[in-house]
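In: Next come a sequence and a model predicted from it.
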Amino acid sequence: MKVAKFGGSSVANAEQIKKVAAIIKQDQERKVVVVSAPGKRDENDTKVTDLLIKLADACLNGESGEKELVHVVKRYQSIAEELNLSEKIVRIIEEDLKARMASSKEDSRIFLDLLKASGEDNNAKLIAAYFQSIDLEAEYIDPKEAGLYVSDEPGNAQVLEESYIRLSHLKDHKKIVVFPGFFGYSKEGVLVTFPRGGSDITGSILAAAVQADLYENFTDVDSVFAANPTVVHNPVKIKKMTYREMRELSYAGFSVFHDEALIPAFKNKIPVCVKNTNNPSSSGTMIISEREYFLNPVIGIAADEGFATIYVRKYLMNREVGFGRRLLQILEDEGISYEHIPSGIDDTSVILREEQLNEEKEKRIVERIKSELEVDDVYFEHGFAMIMIVGEGMHNTIGLSARATAALSKANVNIEMINQGSSEVSLGLAVHQEDASASVKALYEEFFGGVKEETVS
Ligand SMILES: Nc1ncnc2c1ncn2[C@@H]1O[C@H](COP(=O)(O)OP(=O)(O)O)[C@@H](O)[C@H]1O
Ligand SMILES: N[C@@H](CC(=O)OP(=O)(O)O)C(=O)O
């Protein structure tokens with residue numbers, strides 16, 4: 001049995017949803033279908049999730065939200081009309097949105113999640129109705145009734161272990177299950193969403209729960225490429241890669257698959273296949289536990305922006321027992337997680353995601369580090385990108401870092417920091433955000449410039 005997840009681009013309009021139905025019809029093993037909210041129909045379009053965020057913001061600002069509501073309803077209406085569905089489904093969606101808009105705004109994060117999640121919830125209802133209209137035996141399944149329980153962190157949920165047993169009954173479902181991605185429910189029954197792009201996570205959880213033979217992740221590209229195709233022209237396709245490689249790359253900017261979606265599949269050894277809804281006969285990229293040989297030590301190069309560093313310098317820092325713990329405790333007190341901590345003997349930098357910071361927090365952190373840790377210098381720096389070079393073959397290849405730094409130096413890029421992960425499956429480089437694209441291009445040329453074949457690995 002297969003679990004098939006269709007991303008926003010695969011369900012953006014009626015034409016795309018017809019392709020989804022054809023894909024499901026073509027293979028009877030595709031028994032569980034996870035759907036996203038309608039995504040962008042073209043480059044200048046807006047995802048329904050973003051329209052819903054605007055709607056929620058308007059309501060939270062005390063406005064009626066009528067204008068924003070019309071935008072959302074229109075998206076579903078045009079899909080329903082083109083799929084020859086009755087007006088009834090559009091009215092159901094409109095009523096559902098109005099009920100959500102009228103719910104408590106006491107906790108703005110809970111209200112925002114409730115609105116955001118409606119994108120996938122209503123799309124799943126619409127797609128199930130369409131499947132039924134073309135004689136596909138299918139049924140919308142409510143994540144609450146099915147038992148998808150998650151932690152109580154609005155916009156950042158994590159699945160609770162007990163969900164796997166609760167959701168396992170879906171494998172015995174007689175009809176095709178149409179399940180909305182992106183959200184679950186806390187133990188208190190409150191709706192909570194995963195991070196953005198989190199429908200991939202729902203698909204992976206269901207694949208693990210039903211012990212699927214394959215988790216298919218349908219998107220709008222033929223495969224995972226060795227670099228972001230919007231940065232590098234015509235990059236090589238990756239045929240096979242390991243969970244570890246994909247996690248490192250998606251964490252670092254390969255938005256094609258959510259990094260947190262790898263864990264449920266990996267733990268349960270469910271192979272993942274990234275495929276194209278617009279070209280389903282193309283074999284796609286397989287993500288598996290191990291790959292046999294390494295044609296190239298590097299499998300991909302990713303870049304992600306939005307990082308800041310806290311630079312801390314103190315003479316004899318290396319001799320001070322508990323220094324690192326006390327530094328990180330200050331961050332913990334502010335509810336901040338960190339990404340990397342490259343260190344020297346007298347100085348260290350903590351690299352973190354900028355989105356967690358604001359002016360007040362930064363001021364408090366600097367003051368506390370100064371007064372409690374008695375450092376010689378401490379300051380924040382902003383606007384960094386992390387470039388990640390990833391590959392299982394990297395740990396037994398000599399001279400890789402030298403090649404990377406030489407390539408960046410040739411491209412006139414200043415490297416702010418180098419971080420070799422302990423697993424040696426990745427090498428991270430911090431550069432200024434403006435240099436991110438030039439860095440990926442230079443590194444791609446260095447490691448893949450000579451690769452003529454369409455596929456690596
Ligand atoms: N290395 C990569 N390989 C393939 N696609 C990538 C890569 N890096 C970024 N992408 C982008 O990811 C997009 C697909 O992800 P996303 O937009 O989230 O799809 P979906 O709408 O199916 O969820 C592609 O269109 C591509 O532009
Ligand atoms: N719709 C949500 C969840 C998601 O996974 O979407 P997509 O499949 O379009 O990446 C978002 O935009 O974040």
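Out: Done, it's in. Numbering: from 1, shown residues only. Ligands and ions are numbered 1, 2, ... in the order given.
In: Give me the pLDDT value at the closest residue to ligand 1 within the stretch 351-457 of the chain.
Out: In the stretch 351-457 of the chain, the residue that lies nearest ligand 1 is residue 440 (10.0 Å; CB to the nearest ligand atom). C-betas here are computed from N, CA, C, even on glycine. Model confidence at residue 440, given as pLDDT, is 98.
In: What helix or strand is it located in?
Out: helix 436-448 (DSSP states H and E).
In: Show me what counts as buried in that helix.
Out: 436, 439, 440, 441, 442, 443, 444, 446, 447, 448 (16 or more other CB atoms under 10 Å).
In: now swap in stretch 413-422 and tell me
Out: Buried residues in stretch 413-422 (16+ other CB under 10 Å): 413, 415, 416, 417, 419.
In: hmm, who's touching that stretch?
Out: The contact list for stretch 413-422 (CB atoms under 8 Å, 6 or more residues apart in numbering) reads 248, 309, 340, 342, 349, 351, 384, 401, 405, 408, 426-432, 435, 438-439, 442.
In: filter the residues you listed to the buried ones?
Out: 248, 309, 340, 342, 349, 351, 384, 408, 426-432, 435, 439, 442.
In: Among the residues you listed, which ones are in strands?
Out: 309, 349, 351, 384, 426, 427, 428, 429, 430, 431, 432 (DSSP state E).
In: Please tell me how far stretch 282-292 is from the chain's geometric centre.
Out: Relative to the centre of its chain, stretch 282-292 is centred 19 Å away, using CA atoms, centre = their mean, to the nearest Å.
In: One more: stretch 401-419?
Out: That offset, for stretch 401-419, works out to 27 Å (CA atoms, centre = their mean).
In: What count of nearby residues applies to the closest residue to ligand 2 within the stretch 151-300 of the chain?
Out: Ranked by CB to the nearest ligand atom, the top residue of the stretch 151-300 of the chain for proximity to ligand 2 is residue 199, at 3.3 Å. Counted with other CB atoms under 10 Å, residues neighbouring residue 199 total 29.
In: Isn't it up against residue 7?
Out: Yes: Residue 199 lies in contact with residue 7 (CB atoms under 8 Å); the separation is 6.7 Å.
In: Which residues are in contact with the closest residue to ligand 2 within the stretch 301-450 of the chain?
Out: Nearest residue of the stretch 301-450 of the chain to ligand 2, counting by CB to the nearest ligand atom: residue 355, 14.6 Å away. Applying CB under 8 Å, 6+ apart, we find residue 355 in contact with residue 306.
In: can you check residue 333 too?
Out: If you count contacts by CB under 8 Å, 6+ apart, residue 333 has none.
In: check the buried residues of stretch 413-422 against ligand 2, which are close?
Out: Residues of the buried residues of stretch 413-422 in contact with ligand 2 (CB under 6 Å from any ligand atom): none.
In: And the pLDDT for whatever residue of the chain ends up closest to ligand 1?
Out: Nearest residue of the chain to ligand 1 (CB to the nearest ligand atom) works out as residue 7 at 2.0 Å. Turning to residue 7, the model gives it a pLDDT of 98.
In: And it, its phi and psi?
Out: The phi/psi pair for residue 7 (degrees, to the nearest 10) reads phi -80, psi 170.
In: Would you mind finding the longest helix in this protein?
Out: helix 108-133 (DSSP state H).
In: domains of this protein?
Out: 2-220, 300-456 (automatic domain parsing).
In: First-to-last residue distance for the longest one?
Out: Start-to-end span of domain 2-220 (CA to CA, to the nearest Å) is 19 Å.
In: Pull the distance from that domain to the chain's centre.
Out: 16 Å.
In: Let me see the ranges of the helices in the stretch 201-350 of the chain.
Out: Ranges of helices in the stretch 201-350 of the chain, per DSSP state H, counting those that start in this stretch, are 243-251, 262-267, 323-333.
In: elements contacting the first one?
Out: Using 3 or more CB pairs under 8 Å, 6 or more residues apart in numbering; DSSP states H and E, the elements in contact with helix 243-251 are helix 262-267, strand 285-288, strand 300-313, strand 377-390.
In: now the second one
Out: In terms of contact count using 3+ CB pairs under 8 Å, 6+ apart, helix 262-267 is assigned the packing partners helix 199-209, helix 243-251.
In: thinking again about what came up before, and the domains of the chain, which is most packed in?
Out: When the domains of the chain are scored by mean count of other CB atoms under 10 Å, the highest mean neighbour count falls to domain 2-220 (a mean of 19).
In: Local confidence estimate at the residue nearest to residue 168 when sequence neighbours are not counted?
Out: Leaving aside its chain neighbours, residue 168 sits nearest to residue 209 (5.0 Å; criterion: CB to CB, 6 or more residues apart in numbering). Residue 209 carries a pLDDT value of 98.
In: CA-only coordinates of stretch 144-151 in PDB, if you can.
Out: Extracted in PDB, the C-alpha atoms of stretch 144-151 (Å, rounded to 0.1, in the frame of the first residue of the first chain):
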ATOM      1  CA  LYS A 144      -9.300  14.600  15.000                       C
ATOM      2  CA  GLU A 145     -11.500  11.600  14.600                       C
ATOM      3  CA  ALA A 146      -8.600   9.600  13.000                       C
ATOM      4  CA  GLY A 147      -6.300  10.400  16.000                       C
ATOM      5  CA  LEU A 148      -3.600  12.600  14.800                       C
ATOM      6  CA  TYR A 149      -2.400  14.000  18.100                       C
ATOM      7  CA  VAL A 150       0.400  16.700  18.200                       C
ATOM      8  CA  SER A 151       2.200  18.800  20.800                       C
END
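In: before we move on, the earlier item: which residues are in contact with the helix holding residue 440?
Out: Outside helix 436-448, the residues touching it (CB under 8 Å, 6+ apart) are 226-228, 231-232, 235-236, 296, 298, 301-303, 305, 385, 387, 389, 403-404, 406-408, 410-413, 429, 431, 456.
In: Run the angle between it and strand 377-390 for me.
Out: Counting by axes from the mean of the first three to the mean of the last three CA atoms, to 10 degrees, helix 436-448 lies at 40 degrees to strand 377-390.
In: got any ranges where the chain has weak pLDDT?
Out: 293-294, 421-423, 452-457 (pLDDT under 70).
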